[in-house]
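J.: quick one: sequence plus predicted model below, questions after.
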Amino acid sequence: MNNSNSMFARATPILFGALFLIGLVAPFAVYPTFLMKILCFGLFACAFNLLLGFAGLLSFGHAAFLGSAGYVCGMLVRDVGVTPEVGILGGTLAAGALGWVVGVLAIRRTGIYFAMITLALSQMVYFVVLQWKATGGEDGLQGVPRGHLFGVIDLSNNIAMYYLVFAVFCIGFFIIYRAIHSPFGQILKAIRENEPRAMSLGYDVAKFKLLAFVLSAALAGMAGATKTLVFQLASLTDVHWHMSGEVVLMTLLGGLGTVLGPLVGAATIVSLQTELADSVGSWVTVIMGTIFVVCVLLFRRGIVGELQALIRRAGIR
Amino acid sequence: MEIFGVPSALLGSQLLVGLINGSFYAILSLGLAIIFGLLNIINFTHGAQYMMGAFVAWIALNKLGINYWVALLFAPIVIGALGVLIERTMLRKLYKLDHLYGLLLTFGLALIFEGIFRDQYGISGQSYPVPELLQGGVNLGFMFLPIYRGWVVVAALTVCFATWFVIEKTKLGAYLRAGTENPQIVQALGINVPLLITFTYGFGVALAAFAGVLAAPIYQVSPLMGSNLIIVVFAVVVIGGMGSIMGSILTGLGLGLIEGLTRVFYPEASAVVVFVIMVIVLLVRPAGLFGKA
């Protein structure tokens, strides 16, 4: 076991380095918009995984953070006229603030109730977005300009936009990676494994849960704000509970509580949706549901989790 | 005639709508509470099962010529049997795991059912005629009461209280309550707990389907009718707490009425008022109105 763990530790920098290089050259091989979509959802899923995979909190309302940050960023860039990086920052902060409000309420209950509360509160956000005039109601926020990064770099160029998205992803991923591998991350795991014991060791469990929630919400918002710039659109689908379910699915499929799992899951789901959208139409929902059921019943470790288990078994032999 | 500056007919009709919605909240949250009590699973498929109840009634009427009264019994049996199948083949495998997996599995099932019906029938609703016996209405002096709507409230409440009676006052109910408290000991006393669990899930699901048939003539029968309702019902469950059967019924009815009143005095907030109440309850009494901490 120890052997294989140290093997993981040695392999990690090489793996991340290779992935980073692939990320740098990818837009020259694959359609950039598709890659940007994967990176946005990948960051969204990684942020979600910080909460479910490491703190054991199932939020069923993460779409509220993705979506509201998207709207805030869109309004800032289109209606106020700020530069894109300010828009992303604004969206991130707004989602973090919303995360604080939702978090304070939701951590008053645990387990299944926690999930239901976050779902109900995100539905409330959905209705507010639907009814408020400034958000464009059913039409969403259309025609958001990508603008010039720092007022200089023109983002209407897809390659330039890609590198911004890639940078945002790397920043978000680094924050999550650091959080997981810090004492803070260890305490979150302790809470996940045994909350009363963590409490009796003197940790302020509620404070750590809330902090994890706000961090996760803010990073989900960072993904949402960036996504709005990529597609120049903030829409109701981003705040709908289907989106909250989708991020759960991405994380579960990729591997709950693994570092790279959510990215793999997001890439799989986004590719599937892109491939299937034309051929099967409304059966996409059925297929997503089926993947959910199969994952829960037979495949709870997810893709990356299964791979790790395979490598570990090979290492022991 | 006016009450608080609002015409009594408007107030009365909105209160009636509130009472009807409240009856649906009550019957659905009751089913969720029973299932949660024994299975420790929150049944996300509940909304889809309500929707399928309505669709079974609609298909039965249009394809098989089965009338409303038969459908009222037929649809819950069909959907309940489907529920039994789900419990036996899938949910059963998850009892030893974290409760969250039950939520995720039933969420996946809800997506599957919703997707299938959306593929078959699109998102526009199908209309279901009000049965002949219950057509028309009566003038109560201060408002006009369509007979069918009155019937829905009476039928839903009768079923709710009958369920309460069975659980609180009969031997079968005693087994069920004991199973909720401590399944191991109940099993040791020679009661077939796995069968009890299967039966409970089937019954909870059948309640949802029954509500679906009741709803069919009032709302359009559409694949999406359950998914938005179920989120409100989740909020109702958080507000009431799932500890008490009577608590679920009263909370459901009360919130329906409050929603109806909001629609009269401040319509913009009617979609979110239940969620706002949930927030207040969480702040003041986190365990829920009838919950045990």
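T.: Structure received.
J.: flag every residue of chain A that's near chain B.
T.: Selection of chain A residues close to chain B by C-beta under 8 Å from any C-beta of the partner chain yields A:58, A:60, A:105, A:108-109, A:111-113, A:115-117, A:119-121, A:123-124, A:127-128, A:131, A:241, A:245, A:248, A:252, A:281-293, A:295-297, A:300. In short, each C-beta sits where N, CA and C put it, glycine included.
J.: out of the residues you listed, which are buried?
T.: Buried by 16 or more other C-beta atoms under 10 Å in any protein chain shown: A:58, A:60, A:105, A:108-109, A:111-113, A:115-117, A:119-121, A:123-124, A:127, A:241, A:245, A:248, A:252, A:282, A:284-293, A:295-297, A:300, out of the residues of chain A next to chain B.
J.: so where's chain A uncertain?
T.: Judged against pLDDT under 70, the low-scoring parts of chain A cover residues A:1-9, A:316-317.
J.: can you map out the strands along it?
T.: Across chain A, reading from the start of the chain, the strands by DSSP state E fall at A:141-142, A:148-149, A:153-154, A:233-234.
J.: and the ones you listed, which is most packed in?
T.: Compared across the strands of chain A, strand A:233-234 shows the largest average neighbour count, a mean of 26 (mean count of other C-beta atoms under 10 Å in any protein chain shown).
J.: residues making contact with that one?
T.: Counting by C-beta atoms under 8 Å, 6 or more residues apart in numbering or on different chains, the neighbours of strand A:233-234 from elsewhere in the structure are A:67, A:70-71, A:73-74, A:135, A:140-144, A:228.
J.: go again with 7 Å.
T.: Strand A:233-234 is contacted from outside by A:70-71, A:74, A:140-142, A:144, A:228, using C-beta atoms under 7 Å, 6 or more residues apart in numbering or on different chains.
J.: now do the contacts for residue 241.
T.: No chain in the question, so chain A it is. For residue A:241, the contact set (C-beta under 7 Å, 6+ apart) comprises A:63, A:119, A:122-123, B:231.
J.: ah, I was thinking of chain B
T.: Listed by C-beta under 7 Å, 6+ apart, the contact partners of residue B:241 are B:247, B:287-291.
J.: redo that, cut-off 10 Å
T.: Shown in contact with residue B:241 (C-beta atoms under 10 Å, 6 or more residues apart in numbering or on different chains): A:109, A:113, B:33, B:247-248, B:251, B:281, B:285-293.
J.: centroid-nearest residue for the chain?
T.: Just going to use chain A. For chain A, the residue nearest the mean C-alpha position is residue A:44 (1.3 Å; C-alpha atoms, centre = their mean).
J.: try chain B instead
T.: By C-alpha atoms, centre = their mean, the mean C-alpha position of chain B lies nearest to residue B:28, the distance being 1.6 Å.
J.: any idea how far residue B:28 is from residue B:139?
T.: When distance is defined by C-beta to C-beta, to the nearest Å, residue B:28 is 31 Å away from residue B:139.
J.: which non-adjacent residue is nearest residue 112?
T.: Picked chain A for this. Of all residues beyond its chain neighbours, the one nearest residue A:112 is residue B:42 (4.7 Å), with distances taken as C-beta to C-beta, 6 or more residues apart in numbering or on different chains.
J.: not what I meant, chain B
T.: Take residue B:112 and drop its neighbours on the chain: the residue closest to it by C-beta to C-beta, 6+ apart is residue A:289, 3.6 Å away.
J.: repeat that for residue B:246.
T.: residue B:164 (5.9 Å).
J.: go on, residue B:278?
T.: Setting aside the residues directly before and after it, residue B:278 is nearest to residue B:235 in space (C-beta to C-beta, 6+ apart), at 4.6 Å.
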